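Chemist: requesting a structural model of the entry that follows:
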Amino acid sequence: MRSLNLDQLRTLIEVIEQGSFSAAARQLNLTQPAVSLQIRELEQRFGVSLIERMGKTVHATTPGRELVEHAHRIFRECDFAASAMRRYRDGWVGRVHVGTTNTALTYQLPPILRRLRREHPGIELLVTNMPTRDTLENIIQNRMDLGLVTLPVDDTHLRITPLRLEMLVAILPASTPDIPDVVTPEYAAQHSLVLEHGRGAVHALVMRWLAKQLPLPRTPMLMGTIEAMKKVVELDLGISIVPDVAVADPIPGVVVRPLAPPTACTLALIEHRSKPNEPALEIVRNALLELKAISDDAPSPAA
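Modeler: Residues are numbered from 1 along each chain as shown. Take a look at the predicted model:
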């Protein structure tokens, strides 16, 4: 079967919307016989009647209405295709979708995202904040291109690049009596805990650290963001455990203490091993890998 003629489909839409051949001809800048010929050829192609007359007005038959619905979808796709090509013509490099933890998005990504936007305006960059487990699933299903996640992560489909070795630390209201030099699971379990929501990777690390104290004598308060956890601690409603990057700047009324035993909270870049390399993807990947260079240049936690 020969290819559909888009001009004929457009003529069919116009005839039905205008309600007459003559009005459609004027709209399309064609003669009426030319319009009649295009409709007749469409009907011969499909072997069905597409329009019917009711007095001086023409209407779509049942197959005509269905063909018009398909035609509208075809023209929408044509518009999308033309728009995509215009983006390439105007310097569009490509689209990259990045999934990221809330911590990375809040404390580490802003300067990188600003520079990418400034230096590579032709990249359409989509950034979605979500828990590590959701980013893993999206990368494996090829619904995202790159992910910033919290280790440990292990999947044979993934290429995993550790970026920054971070440590979990305890934050306590300054008014807490007899604050120790280090916070142990036994000490933390005696207090009201303010923790990340249950789907978060930090939550899983904290639960592993507290394993010998479970079940906890008090139900922890669960928060959606690190900033919310810090605010609750500021209000003297409990103690929390957060990545050290989240408390690099002093917080009035809050004391920071290391954990014992220490617990790492390592940021990593993940992508699907079979992901084809494209210019936009390579640019964004290299920008995110700069987090590793920053980490390599920083003093070690023991320094």
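Chemist: and stretch 108-122, average pLDDT?
Modeler: For stretch 108-122, mean pLDDT is 93.
Chemist: how near is the closest residue to residue 57 other than its chain neighbours to residue 120?
Modeler: Spatially, and ignoring its direct neighbours in sequence, residue 57 is nearest to residue 19 (4.6 Å; CB to CB, 6 or more residues apart in numbering). C-beta here means a position set from N, CA and C on the backbone, and glycine is covered the same way. Applying CB to CB, to the nearest Å, the value for residue 19 to residue 120 is 50 Å.
Chemist: strands of the stretch 101-250 of the chain, residue ranges please.
Modeler: 123-129, 146-150, 158-164, 168-173, 193-196, 221-223, 239-243 (DSSP state E, counting those that start in this stretch).
Chemist: ok, the most centrally placed residue in the chain - contacts?
Modeler: When CA atoms, centre = their mean is applied to the chain, the residue found nearest the centroid is residue 128 (3.0 Å). Neighbouring residues of residue 128 by CB atoms under 8 Å, 6 or more residues apart in numbering: 97, 98, 99, 100, 144.
Chemist: how close does it get to residue 179?
Modeler: 38 Å.
Chemist: again with residue 199
Modeler: Distance, residue 199 to residue 179, using CB to CB: 30 Å.
Chemist: same check on residue 293?
Modeler: Distance, residue 293 to residue 179, by CB to CB: 36 Å.
Chemist: all helices of the stretch 101-250 of the chain, in order?
Modeler: 102-107, 110-119, 132-140, 185-189, 201-209, 226-234 (DSSP state H, counting those that start in this stretch).
Chemist: ok, which of the ones you listed comes nearest residue 15?
Modeler: When the helices of the stretch 101-250 of the chain are compared by CB to CB, helix 132-140 sits nearest residue 15, at 45.5 Å.
Chemist: residues contacting that closest one, please?
Modeler: 99-101, 130, 144-150, 153, 155, 157-158, 199-201, 270-272.
Chemist: from those, which would you call buried?
Modeler: In terms of neighbour count (16 or more other CB atoms under 10 Å), the buried residues within the contacts of helix 132-140 are 99-101, 130, 144-150, 153, 158, 200-201, 270-272.
Chemist: below-threshold pLDDT in the stretch 51-200 of the chain: ranges please.
Modeler: Scanning the stretch 51-200 of the chain for pLDDT under 70 picks out 90-91.
Chemist: name the element residue 288 belongs to?
Modeler: Using DSSP states H and E, residue 288 falls within helix 279-297.
Chemist: list the helices and strands that helix packs on?
Modeler: Judged by 3 or more CB pairs under 8 Å, 6 or more residues apart in numbering; DSSP states H and E, the packing partners of helix 279-297 are strand 94-100, helix 110-119, strand 123-129, strand 146-150, strand 158-164, strand 267-272.
Chemist: tell me which residues in that helix are buried?
Modeler: 280, 281, 283, 284, 285, 287, 288, 291, 292, 295.
Chemist: OK, contacts around the residue nearest to residue 254 when sequence neighbours are not counted?
Modeler: Leaving aside its sequence neighbours, residue 254 sits nearest to residue 171 (CB to CB, 6+ apart; 5.3 Å). For residue 171, the contact set (CB under 8 Å, 6+ apart) comprises 229-230, 233, 239-242, 247, 251, 254-257.
Chemist: again, only this time at 10 Å
Modeler: Neighbouring residues of residue 171 by CB atoms under 10 Å, 6 or more residues apart in numbering: 183, 194, 226, 229-230, 233-234, 238-242, 244, 246-247, 251, 254-257.
Chemist: right, I'll call it a day here.
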